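Student: Sequence and predicted structure are below.
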There are 4 protein chains.
Amino acid sequence: MTVTRTVELEGHIIDSGTMGRCFGLVMDMGGEFEVEEFEVGRHKHAETYCRMRVIADSEENLREIVHELNQNGATVADPRDATLEAAPDDQVVPIDFYSTTNHPTYVRIDGEWHEVEDIEMDCALVVEKSGPEDPHGAGKAGDRGNGETRVRTKVLNAIEEGDLVVTGETGIRVEPPERPRNGGGSFGFMQGGVSSERPSKSLIAEIADEMREVQENGGNVLAVCGPAIVHSGGRNALADLVREGYVDALSAGNGFAVHDLERDLYGTSLGVDTESLEHPRKGHKHHIYTISEIVRLGGIEEAVEAGVVDEGVMYECVVNDVPYVLAGSIRDDGPLPDTITDAIEAQNAIREQAQEADLVLMLSTLLHSVAVGNCLPSTTKTVCVDINPATVTQLLDRGSAQAVGMVTDIGTFIPMLAEELLE
Amino acid sequence: MTVTRTVELEGHIIDSGTMGRCFGLVMDMGGEFEVEEFEVGRHKHAETYCRMRVIADSEENLREIVHELNQNGATVADPRDATLEAAPDDQVVPIDFYSTTNHPTYVRIDGEWHEVEDIEMDCALVVEKSGPEDPHGAGKAGDRGNGETRVRTKVLNAIEEGDLVVTGETGIRVEPPERPRNGGGSFGFMQGGVSSERPSKSLIAEIADEMREVQENGGNVLAVCGPAIVHSGGRNALADLVREGYVDALSAGNGFAVHDLERDLYGTSLGVDTESLEHPRKGHKHHIYTISEIVRLGGIEEAVEAGVVDEGVMYECVVNDVPYVLAGSIRDDGPLPDTITDAIEAQNAIREQAQEADLVLMLSTLLHSVAVGNCLPSTTKTVCVDINPATVTQLLDRGSAQAVGMVTDIGTFIPMLAEELLE
Amino acid sequence: MTVTRTVELEGHIIDSGTMGRCFGLVMDMGGEFEVEEFEVGRHKHAETYCRMRVIADSEENLREIVHELNQNGATVADPRDATLEAAPDDQVVPIDFYSTTNHPTYVRIDGEWHEVEDIEMDCALVVEKSGPEDPHGAGKAGDRGNGETRVRTKVLNAIEEGDLVVTGETGIRVEPPERPRNGGGSFGFMQGGVSSERPSKSLIAEIADEMREVQENGGNVLAVCGPAIVHSGGRNALADLVREGYVDALSAGNGFAVHDLERDLYGTSLGVDTESLEHPRKGHKHHIYTISEIVRLGGIEEAVEAGVVDEGVMYECVVNDVPYVLAGSIRDDGPLPDTITDAIEAQNAIREQAQEADLVLMLSTLLHSVAVGNCLPSTTKTVCVDINPATVTQLLDRGSAQAVGMVTDIGTFIPMLAEELLE
Amino acid sequence: MTVTRTVELEGHIIDSGTMGRCFGLVMDMGGEFEVEEFEVGRHKHAETYCRMRVIADSEENLREIVHELNQNGATVADPRDATLEAAPDDQVVPIDFYSTTNHPTYVRIDGEWHEVEDIEMDCALVVEKSGPEDPHGAGKAGDRGNGETRVRTKVLNAIEEGDLVVTGETGIRVEPPERPRNGGGSFGFMQGGVSSERPSKSLIAEIADEMREVQENGGNVLAVCGPAIVHSGGRNALADLVREGYVDALSAGNGFAVHDLERDLYGTSLGVDTESLEHPRKGHKHHIYTISEIVRLGGIEEAVEAGVVDEGVMYECVVNDVPYVLAGSIRDDGPLPDTITDAIEAQNAIREQAQEADLVLMLSTLLHSVAVGNCLPSTTKTVCVDINPATVTQLLDRGSAQAVGMVTDIGTFIPMLAEELLE
């Protein structure tokens, strides 16, 4: 007694690894496959097409396999509409809701494929049908922006009672990244690993090129910043990059901002004079004094206006209208009045930044980089820089189509990056 | 033109390093010292006494040196009362407020030394004088618990307008840890570093002895838990320890709880079957399904009551009345209804746990361990276990008097610890 | 002006990634490909066949591409014999000699394919034609063991003047690993990365199963041992495994042996009593005293015979006839008389061990594991255990077909492994 | 029944930690102490004197305590001559020989203190009495260079039959490092740990200052170089430093030299073009081709003479007469003809380099840095640079009086260092 289902794959599925992955997972999950049709892409630009029958012992197993194939880019050969079910309560999704990948995704509703807006991993898909129930409206093929049917991602805590949530796996098409035909430069294709055997200066130059290109194209660079930037002496160069327009948004924690402001108020970071390396013993109190000073003034913007803060990264953000999100955490001192202490509220602010970004620089912070990375589609370019190889590996390991990881010292990286961009 | 001030030190100040540290910091900070009296402790149990004059170029420099000496255990020879100043506004401390260490601290008010309650690093000291303003009351020497004058720590965001806050450095006495006369066993004295060259099984046996002793003395063990405990297969053993009463409180994040519950609901953690090692491809969705299931039921306790959750760490906490704090963070999925999403609220909950703990086990989580560590006095015993040596070093580097660090695999550590304790 | 060449691939080349890799590298290296024939393997056990024409701008570029395709399993469609050239001098290979991969390799000589003996990475291939120059002998197709023509690997320093060395890329066939049809268990297929998110105890149980199976099949387990085994308390369990026959050969450095012997002679390792954790201050001298004592006696075997050494890993090796190689290094103290101080001589001894091994356990030593790994064919199973994830990654990153990496504490790993095997 | 012995300490023994360490170890080792006289150094430049009686249960225990006190700077109050014993055989030291620390050490012979030449850790002390046996010669007090009595260190394998070896602990004085009175700058006093919280650029500038000062004083800088220097793109800058005279000697392994030469011969390092970052697929063979090419030519110097090698670090060493030692290891390919494959011979070559060095730069190599570090007195300044914090910690943890550790990227460190020194 076996059950079967037929799926199709199309695209650069051999060199992108999709085809091999799909064969592999059928075998790993205890199924069998029978290729019914296979048309190889005979040259670089030709796409491959495969139709195969998947065979499993039980409907349950078959569904699991097909689900997994779907998330890797296979679509059921005979497509049907997605199934929808209303959320029974706020923050409660229907059982068997479809949980998203971070790849571009399409949902079939009333016979049409709609691209999911703001795709993001581990979300529910919510369908919104607005406007008059025009029976002819649905006929306009491929009309993603018809204003009548939209599919959006929602994180679980944003679900509202009655939301139409996609369930099961039918009527959903996922497009995993394809190997770029032109190499892709430093931004490796789906590289989970990180090579430490690449020349640092050249890699920094390539990252600078990428930033310059994004800037020239009016794109958006989001810098996710950890406090090590300030300790290790990369702060001035980062402030320069903000001032010169190479950073369009900044995402950080309370600690980063405090260290940056401490540097301005006391010339130290965690008590170390970052120029002279002298360690004024009293310095470790500067951290908490900085917080109390900013609290007294009412916040960072107020401190800038009062002239108390007149240089540094936060200063440049304020005077150059670079929006920033300071997300709180349980290890914070203070916190500053600017820090969003509620995790959900902070995630929402981060989500907005992430969705607008074309290039994300993850600079020496695991917590904030993971938070931003959780909200990114696989198509956003990412640069991960950390001294700890395990951090870089973890950040790259999210299936980003174009990512470059560097295991390096943020205190030398940022000055060198600024030198490339500003001189 | 020089200014001087005389300070005193007393105790096992030579072998505890206090004396050397004080000489060193006077020199490092550009001052001079002149020892006026020195009575060496002639044998193991005899204390040393030193009175020295500190000389500096300016009042400013002298104050900084004396402040630092104070934080390292020196007291001004001719003691005066601490200076107090009312907080000008909520969350705003007076300029020049005294920022605490995590060592036992005494404040002199009306000629009497009062021990600070719930000492914790980087806080303000708030003096509360309650009861009738009895002019004679202050005369009862050494009466710490007189109910009329109390000194407590307050984090900055808890300051209320009008709080009497200690400023400056006079009238404050700090007692840094002393080298224990009896060795101290595995719990090294002020060891910032971590030796990986110690036998793991023996060290685990010593930690077990310590836990047993705390339990026998009615003490309180706080386990701070990271999600790696579940992935790496340490969950069942930890659940056993909770059930058998070796854990009195648990501090963790949303992720730990979800992984633990996923293990129960689906037999996987992040999709890996932790017994068979099989990786059901569908498994990575179990994480988000677990959250939606618990949300549907209303929370962990409700899930236990409903019989949906019937084993694991969170289950044992619920049925054995072991209080837990789940602190939210910006990288959380969900979160669960039990998770405290506001960072300040979460810190307050953690603070309560920390203040009650006699022994803290920091198990494979940097974020939560730092948050707990921030609230601990230097006298609380701590055990830090992590696979990353940098994490262990960072956690031990807080001046805890008695701490032991192990760079090991939490997935082998917890089963071995449970074996030592339960068999 | 383009040049072309036709290559063929055959096998489970889609799910093993070979096909995708070959398409990818043609593109990456600036070439084009034209698939002339493609017969997909329609089900799990059916092999895929591909014949494609590779197109490049220059003969030089074409050769480079074809070379790389060859190393990844493609063979030139119209096979010719390999080209041979005599080595001009001892240790000097002909220019353009073929440098090996660690995959099974076949060389075509006189129209026949000969499997390379003792395949190993980065070697030259040397052809030996022995016996009477029988003109008909070469006609016996597929006769690998005919005793007349053999192809062996030789490291550069072993080349002798006149050796017939294979040059260029023609007449060479490489067989990269194929994804096993049956999953492969814990031994992941070509996994460069290491998951720390797997349960340690279960993984150790699977490694024990593998060792038991090798033992039952009369196979050979080579343990490569670092000194951390002794410090961290894994020594007794390893000695048990040697005594019980689970280790067939041991490869280590001078340091490992000294620490093991010190433990026996003084009850310490680097001066730490590995049972009581006490650190006799004098202990750090035990290391150098151990060496001088063994030197005095003439060596390890002599020390065992003299009854001076009567337990531990080296002792069990001696009394159970488990051969060991102690390879010297520039950081050694002593060294012991048993240590081979010449690097080439030591490599040759290691090479013999490696070639005989069916399963290699790499236990907390990067240097010795790399040295052993350099000599292994990709078909030998390897287990890499280290507390440092970068070490595990580096060791797994050699294209071994079946390898499992564990980031864990060797001091808990070995006792748990022994418990699985011996109880 | 107790036994006692009186020891003395003198110097800046409080702030250098010596006094506290000595009290602590008496207690840790189960002894008691009775301070008989204590004269505190009343100001910065005044030395402290302590005479104390050490009390133990047994002569054995007393000896162990006194030995340990001795190694930490205490001397027996009533000094006697050192005891000497002839080595019974080549490479065999007398039982109970004195094993050295790396601190300046003096041996009392015929009533005079002789400074040990070329002090190095874990060696035997060999006394050479040369010249006519002049009974009056020994009377010239303090005449270290009298040519008649010399004390030198010998590693165990260099001991020759009949060598007069120092045994026991009497007549030996050790001078552990003292805290410098002037701070000491970046070169921290006895810092086992490494702060990553210091600004990288400033720290590099201080290291450059130190190198400039050594150069100006005619001192000797030894660079210990790992292959990562070449991969990560630091090679050209290092070659510049060699050419400009900032490196007086170079210590490395076969791998470093091969990577450096490969970069020159093929423009790649391990196959990666370190300028364009392109990865010519054929490149990983360049490594082995480079070796065969240099072997063919006869060595590095011959390759330079032949004009085959005309840039890079090894080239600059050859043309600028900077002596280099290439020490072989079991993981080497090749090796090059210049590589010393015997570990003992290589150690001896490294020892000579180490003894001449005033400043040692340990650049991204654990193996070679440990080998060099083993031969260094604690008075030689060392700079340790590595991306792995555990490596830096291990290298700093040798009791060097003046050492600075940086956890940074060698590929950005060396270019920045060169920029500081050369521009």
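Tutor: Sure thing, it's come through. Residues are numbered from 1 along each chain as shown, chains lettered A, B, ... in the order given.

Student: Angles on the backbone of the residue of the stretch 51-200 of chain A found nearest chain B, please.
Tutor: Here the residue of the stretch 51-200 of chain A nearest chain B is residue A:68; by Cβ to the nearest Cβ that distance is 4.1 Å. Where C-beta positions appear, they are placed from N, C-alpha and C, glycine not excepted. Torsion angles at residue A:68 (phi, psi; degrees, to the nearest 10) stand at phi -70, psi -40.

Student: swap in residue A:308?
Tutor: Residue A:308 has phi and psi values of phi -70, psi -30 when expressed as degrees, to the nearest 10.

Student: what number of residues lie near the residue found closest to it once you drop the neighbours it is linked to in the chain?
Tutor: Leaving aside its chain neighbours, residue A:308 sits nearest to residue A:297 (6.3 Å; criterion: Cβ to Cβ, 6 or more residues apart in numbering or on different chains). Neighbour count for residue A:297, taken as other Cβ atoms under 10 Å in any protein chain shown: 18.

Student: what does the model give residue A:239 for pLDDT?
Tutor: Residue A:239 is assigned 98 on the pLDDT scale.

Student: In a strand, it, correct?
Tutor: No - under DSSP: H, G, I helix; E, B strand; the rest coil, residue A:239 sits outside any strand and is assigned helix.

Student: Spell out which residues of chain A are next to chain C.
Tutor: Within chain A, the positions adjacent to chain C are A:14-17, A:19-20, A:23-24, A:27-28, A:32-35, A:38, A:40-44, A:50, A:179, A:181, A:183, A:192-193, A:389-390, A:393, A:397 by Cβ under 8 Å from any Cβ of the partner chain.

Student: one more time with 6 Å
Tutor: Neighbours of chain C within chain A, by Cβ under 6 Å from any Cβ of the partner chain: A:14-15, A:17, A:19-20, A:23-24, A:27, A:34-35, A:38, A:40, A:42-44, A:192-193, A:389-390.

Student: My guess is the residue nearest to residue A:308 contacts residue A:307. True?
Tutor: No - counting by Cβ atoms under 6 Å, residue A:297 stays clear of residue A:307, with 10.3 Å between them.

Student: on that earlier part again, the residue of the stretch 51-200 of chain A closest to chain B: neighbouring residues, count only.
Tutor: Using other Cβ under 10 Å, residue A:68 has 24 other residues around it.

Student: State the distance from it to residue C:179.
Tutor: Between residue A:68 and residue C:179 the computed distance is 17 Å (Cβ to Cβ, to the nearest Å).

Student: For the stretch 101-250 of chain A, which segments count as strands?
Tutor: For the stretch 101-250 of chain A, the strands defined by DSSP state E, counting those that start in this stretch occupy A:105-109, A:112-117, A:124-129, A:149-154, A:164-167, A:172-174, A:188-189, A:221-225, A:249-253.

Student: and among the ones you listed, the most buried is which?
Tutor: strand A:221-225 (a mean of 28; mean count of other Cβ atoms under 10 Å in any protein chain shown).

Student: Partner strands of it, with direction?
Tutor: Each strand that pairs with strand A:221-225, with its direction, by DSSP bridges: strand A:249-253 (parallel), strand A:359-363 (parallel).

Student: What lies in contact with the first one?
Tutor: This points to strand A:249-253. The contact list for strand A:249-253, computed with Cβ atoms under 6 Å, 6 or more residues apart in numbering or on different chains, reads A:222-225, A:317, A:323-327, A:329, A:350, A:353, A:368, A:372.

Student: can we see that at 8 Å?
Tutor: Strand A:249-253 has contacts (Cβ atoms under 8 Å, 6 or more residues apart in numbering or on different chains) with A:220-227, A:242, A:313, A:317, A:322-329, A:332, A:339, A:350, A:353, A:356-357, A:365, A:367-368, A:371-372.

Student: Quick one: name the residues of the stretch 251-400 of chain A near chain B.
Tutor: A:279-282, A:285, A:287-289, A:291-292, A:295-296, A:327-335, A:341-344, A:346-347, A:350, A:367-368, A:370-371, A:374, A:388, A:390.

Student: Need the per-residue pLDDT for the residue nearest in space to the middle of chain A.
Tutor: Computing the C-alpha centroid of chain A and ranking residues by Cα atoms, centre = their mean puts residue A:376 first, at 2.2 Å. Model confidence at residue A:376, expressed as pLDDT, equals 96.

Student: gap between it and residue A:398?
Tutor: Residue A:376 is 8 Å from residue A:398, where distance means Cβ to Cβ.

Student: Find residues that contact each of those two.
Tutor: With Cβ under 8 Å, 6+ apart, residue A:376 and residue A:398 have common neighbours residue A:102.

Student: possible to save the strands paired with strand A:221-225 as TSV with mean pLDDT?
Tutor: Formatted as TSV, the strands paired with strand A:221-225 follow (pLDDT from 0 to 100):
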stretch	mean pLDDT
strand A:249-253	98
strand A:359-363	97
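
Student: Dump those strands into TSV; add distance to residue B:173 as well.
Tutor: As requested, the strands paired with strand A:221-225 are exported to TSV (distance: least, Cβ to Cβ, whole Å):
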stretch	distance to residue B:173
strand A:249-253	35
strand A:359-363	43
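
Student: which SSE is the residue nearest to the centre of chain A in?
Tutor: Using DSSP states H and E, residue A:376 sits within no helix or strand.

Student: Next, it: phi, psi?
Tutor: phi -90, psi 140.

Student: cool, and residue A:358?
Tutor: Dihedral pair for residue A:358: phi -100, psi -30, per degrees, to the nearest 10.

Student: tell me, how many neighbours does the closest residue to it other than its chain neighbours end up with?
Tutor: Beyond its immediate neighbours in the sequence, the residue positioned closest to residue A:358 (Cβ to Cβ, 6+ apart) is residue A:219, lying 3.7 Å away. Using other Cβ under 10 Å, residue A:219 has 16 neighbouring residues.

Student: hang on, residue A:219 packs against residue A:356?
Tutor: No - checked against Cβ atoms under 8 Å, the pair residue A:219 and residue A:356 is beyond contact range at 9.6 Å.

Student: separation between the residue nearest to residue A:358 and residue A:115?
Tutor: Noted for residue A:219: a distance of 20 Å to residue A:115, by Cβ to Cβ.

Student: got it, and residue A:16?
Tutor: Counting by Cβ to Cβ, the gap from residue A:16 to residue A:115 is 20 Å.

Student: same thing with residue A:5?
Tutor: Look at residue A:5 and residue A:115: by Cβ to Cβ, they are 24 Å apart.

Student: Return the set of buried residues in stretch A:287-302.
Tutor: A:287-297, A:300-302 (16 or more other Cβ atoms under 10 Å in any protein chain shown).

Student: Looking at these, which are in helices?
Tutor: Counted as lying in helices by DSSP state H, out of those, are A:287-297, A:300-302.

Student: I'd like the residues you listed written out as TSV, with pLDDT added.
Tutor: As requested, those are exported to TSV (pLDDT from 0 to 100):
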residue	pLDDT
A:287	88
A:288	90
A:289	89
A:290	93
A:291	94
A:292	92
A:293	93
A:294	96
A:295	95
A:296	93
A:297	95
A:300	98
A:301	98
A:302	98
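
Student: how about the residues you listed in TSV, adding distance to residue A:420?
Tutor: Below are those laid out as TSV (distance: Cβ to Cβ, whole Å):
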residue	distance to residue A:420
A:287	32
A:288	37
A:289	36
A:290	31
A:291	34
A:292	38
A:293	35
A:294	33
A:295	38
A:296	39
A:297	36
A:300	29
A:301	31
A:302	35
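
Student: Of those residues, just say which sits nearest to residue D:234.
Tutor: Lowest distance from residue D:234 to those (Cβ to Cβ) belongs to residue A:287, with 34.3 Å.

Student: my guess is that closest one contacts residue A:259, does it?
Tutor: Yes - using Cβ under 8 Å, residue A:287 makes contact with residue A:259 at a distance of 7.5 Å.

Student: remind me which residues of the stretch 201-350 of chain A are low pLDDT?
Tutor: A:269-284 (pLDDT under 70).
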